[in-house]
Every structure is written in structure tokens, then in C-alpha cells.
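Undergrad: When you get a sec, could you give me coordinates for this:
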Amino acid sequence: MFKWFSSGSDPESGLERMRAEFGQMLDAGRHVFDAAANAFLGGTDVEIIRKDLFETDKRINRSEQQIRREIVVHTTVHGPSSFPQCLVLMSVVKDAERVGDYSKNIFDLAELTPKQPFGKHRDDLVELKDRISNLMSSCRKVFDKQDEQAAKDLIAVAESIEDHCDKQISQIILEEDRGELNATYALAYRYFKRVTSHSFNVLTSIVQPLDKIDFSESRPESDQ
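TA: Next comes the predicted model:
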């Protein structure tokens, strides 16, 4: 493991290596979310994507473990000067890993749903899936550039998606005409929201101090 710091490696190059690997985790997370959501919403055969989805999720998990090991070595070799950056990475790699887990939950819905989703909720989820996928793609770019203004703009987008998911779940619960897929739709909105929330957490790491990562400046803490 210490070979990673051989050949004159400096603290910044070590951090850049970890950031690059984290970026690959974000790309992989978007890939598995798209695949799982498409399978659930009826665009892809679950058997076609099964192997790729689970292998990609395993790769995300291995990357998380690798970055954690690198953080330990980095802070041991270079001392406390990079502690804040390493702690941020330690936090956001968990968010990237959780995207894979929630994508697997969406894939489970695709397997378990007795019939293909249809109607207004399916149409809304299709549109929502595209919004979330675009958010995840933009999140990756903004994290690479550490663009604070762009991150704030995307945080607002993420909050809007989260609010929409909450409203849809409430509407489904209160509907008098309870369709056979309503429970499935409610779970889908919940999983879509959680994927969005983990992208939101990554974005807050760009604009918030370390102690306020995962929290929004625009919402009271009681609502988060």
C-alpha cells in the first residue's frame, strides 16, 4: 500500500488520485441507477442488465474500500494538513456507495412487480428518472471543478426533486382508488429520492464547511 506514495508522490497528487477514483464511483452510480430505473419502468429486460448491474455495484464497493485505505495511508504519511479534505472524501464515498445500494432496490422492484408500470405515476417516474440522471451527471462535473455556484444551483434542483418525491408519496397514500401498483410506486419514489439525496450530499461538500456537509442552507435542520 505504501508503494502508492513512492516515486516522489506529494500530498496533492495523492488527493487527486483519490478524487479521480471517487469520480469514477459517481459515474458508475449513475450507470447502475439508469439501468435499474429503465428495467423497472419497462425499457430493459432485467436479465440483460443483471450481471452488469451487480458487477458494477461490486466495483463501486471496491472503490470505496480502496479510497478508505488510501485515506489512512495518506494521513499517516502526510500528517494533519490534509485531514479536512480526507474527511470530506471519507463522507462522500459513502454517499456514492449508497447510490449503488438504492439502485439495486429499484432493480428488485423491476423483478418483483407483477406487471409493467403504467399510467400517470409511470409517466412521472420516467420524467423524474431523466432529471435525476442529469443531476448525477452534472454533480460529477461540478465536483471535479469544485464550482461552488454551480453546486448551489444543483442543490436547488436536488431539493426540488426530493420535494416532488415526498408529494407523490403523500398523494399515493391518500388516493381513494388504490391501484395494485401503488405500493410499488411509493417505494420507487422513495428510492428515487434517496438516490437524489446522496447526490445532494456530495454537492454540499463543495459549498458547506465540514461540519455541515449533508445539510442545506435553505432549509431548517428540522426538515432535513
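
Undergrad: Please count neighbours and contacts with C-alpha atoms only from this point.
TA: Will do.

Undergrad: Mind jotting down where the helices sit in the chain?
TA: 11-41, 46-78, 83-112, 119-145, 148-174, 182-207 (DSSP state H).

Undergrad: Burial-wise, tell me which of the ones you listed comes out on top.
TA: Mean neighbour count (mean count of other C-alpha atoms under 10 Å) peaks for helix 182-207 among these, with a mean of 22.

Undergrad: what mean pLDDT does it have?
TA: The average pLDDT within helix 182-207 is 96.

Undergrad: rewinding a little: name the stretch from the helices of the chain that approaches D214 most closely.
TA: Smallest distance to D214 across those (C-alpha to C-alpha): 4.4 Å, for helix 182-207.

Undergrad: elements contacting that closest one?
TA: helix 83-112, helix 119-145, helix 148-174 (3 or more C-alpha pairs under 8 Å, 6 or more residues apart in numbering; DSSP states H and E).

Undergrad: Now do stretch 115-123: everything it contacts.
TA: 40-42, 181, 185 (C-alpha atoms under 8 Å, 6 or more residues apart in numbering).

Undergrad: do that again at 7 Å, thanks
TA: 41-42, 185 (C-alpha atoms under 7 Å, 6 or more residues apart in numbering).

Undergrad: Can you measure across it, start residue to end residue?
TA: 15 Å (C-alpha to C-alpha, to the nearest Å).

Undergrad: for the record, mean pLDDT for that stretch?
TA: Rounded mean pLDDT across stretch 115-123 is 88.

Undergrad: so how far is that stretch off the chain centroid?
TA: 24 Å (C-alpha atoms, centre = their mean, to the nearest Å).

Undergrad: just stretch 107-126 next, same as before
TA: 21 Å.

Undergrad: Repeat that for stretch 96-104.
TA: 7 Å.

Undergrad: cool, and stretch 59-78?
TA: That offset, for stretch 59-78, works out to 19 Å (C-alpha atoms, centre = their mean).

Undergrad: What lies in contact with that stretch?
TA: 2, 11, 18, 21, 25, 28, 82-83, 86, 90, 93, 97.

Undergrad: hang on, the earlier thing: would you tell me which of the helices and strands packed on helix 182-207 gets closest to P209?
TA: So among the helices and strands packed on helix 182-207, helix 83-112 is nearest, using C-alpha to C-alpha, at 9.4 Å.

Undergrad: I'd like the mean pLDDT over stretch 13-20, please.
TA: Mean per-residue pLDDT for stretch 13-20: 86.

Undergrad: I meant to write stretch 63-77 there.
TA: Stretch 63-77 comes out at a mean pLDDT of 91.
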